[in-house]
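Peer 1: Let's see this in three dimensions:
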Amino acid sequence: MDPIAGTGPIRQAASLLFYGWGYNFYRVENQLRADDLLIRNKVCGILAAARAHLAALEAEYRRVNLPPPTREAPLPDRQKTEQARRLVRSGAAIEQVSTLIQSAPVPTSDFVWLRHRGERGLLEILESIDVRLVDDAVGFHDRVVELDLAAISDSAIETTIDGRLDRLRVIVRERAERLTLMA
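Peer 2: Take a look at the predicted model:
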């Protein structure tokens, strides 16, 4: 929507000053590029919140199940120690996916490429992929936040979390393939 249309003369003059006397500095392609960065940053924030919840559960698990050593029990229970390691690996996997998303490839800003190919179409495709990324990240976050101390004591927790992260990995891979096909 044109911000100048339907406003009073003072507001129109102010809008014209803002837009540089009729030239819009904010092309749709630039807005889509900015949205792409913003969306990926928000997705990483969502994953960081899930990671923080898992780290809090891991600390609680260690506090409850791995007491300080005593003379009677100098070594911690192996199964419980292994479970704590699974939780650490799951947290690291979340961080890896977050890094993968943050460092996902973006379209080049090559002027020759821009002249001969429609950047807007590609950016709109990437935006639709990013929407799926947000949807899956929110779903992942909701599943992780639902976890409690009993749920993370399950030995299959690492496989479960990794399986849910695979969906995000597939979307990031699809995004990279789209950029490769368009280049």
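Peer 1: Quick one: residues contacting the most centrally placed residue in the chain.
Peer 2: The central residue of the chain, meaning the one whose C-alpha is nearest the mean C-alpha position (Cα atoms, centre = their mean), is Val43 at 2.6 Å. Taking Cβ atoms under 8 Å, 6 or more residues apart in numbering, we find Val43 in contact with 98, 101, 130, 133-134, 137. Where C-beta positions appear, they are placed from N, C-alpha and C, glycine not excepted.
Peer 1: In which helix or strand does it reside?
Peer 2: helix 28-65 (DSSP states H and E).
Peer 1: Please pull up the helix or strand immediately following that helix.
Peer 2: helix 78-102.
Peer 1: pLDDT at the residue nearest to the centre of the chain, what is it?
Peer 2: pLDDT for Val43: 94.
Peer 1: Quick check: chain neighbours aside, which residue is closest to it?
Peer 2: Residue nearest to Val43 in three dimensions, not counting chain neighbours: Ala137, with 4.6 Å by Cβ to Cβ, 6 or more residues apart in numbering.
Peer 1: what sits up against stretch 121-129?
Peer 2: Against stretch 121-129 from outside (Cβ under 8 Å, 6+ apart): 29, 32-33, 35-36, 39, 107, 171, 174-175, 178-179, 182.
Peer 1: Repeat the analysis, applying 6 Å as the threshold.
Peer 2: 32, 36, 107, 175, 182 (Cβ atoms under 6 Å, 6 or more residues apart in numbering).
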